[in-house]
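Asker: coordinates for the following, if possible.
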Amino acid sequence: MALDSSGNVYLTGSTTSTALPMAGSPFQKALVTTATTAGTVGTDAFIIKFSPNGQGTADLVYSTYLGGSDLDQGNAIDVDASGAIYVVGTTRSGDFPCPLRPMRQPAGCHGFLYHQAGPRLLDAGL
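Answerer: Presented below is the predicted three-dimensional model:
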């Protein structure tokens, strides 16, 4: 969890939910899933920003999924003075969105740094 100077709350983690409420301009609007013999599975990182009013989902300012077709998790989040969001996490997805530095190990990007300012992704990679 992180707080900015205005009291907004930022959260990250992982989810298997396909019903994460979307707000703002999400980088990724849906959970990425894979069909397996056990059914459809997927675990993506998420990023959520709430305003400080304390009204739950009514104060949802921004939310997005972040991940590929395997296990992805946001482990820590921070926000700088300009409002840019930084998330570090782990992934096993070979298709994790690493647009600027797509270095991949055989099982995907093992660690990632996500940097977003405003509604667009600035960087994600190793």
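Asker: could you pull out the strands in this structure for me?
Answerer: Assignment of strands within the chain using DSSP state E yields the ranges 2-3, 9-15, 34-36, 39-41, 44-50, 60-66, 72-79, 85-91, 111-117, 120-125.
Asker: so which of the ones you listed gets nearest Ala23?
Answerer: With respect to Ala23, and counting by CB to CB, the nearest of the strands of the chain is strand 60-66 at 4.4 Å. Where you see a C-beta, it was placed from the backbone N, CA and C, and this is true even at glycine.
Asker: that closest one versus strand 111-117: what angle between them?
Answerer: Between strand 60-66 and strand 111-117, the angle comes out at 140 degrees (axes from the mean of the first three to the mean of the last three CA atoms, to 10 degrees).
Asker: mind checking how far strand 60-66 is from the chain centre?
Answerer: From the chain centre to the centre of strand 60-66 is a distance of 8 Å (CA atoms, centre = their mean, to the nearest Å).
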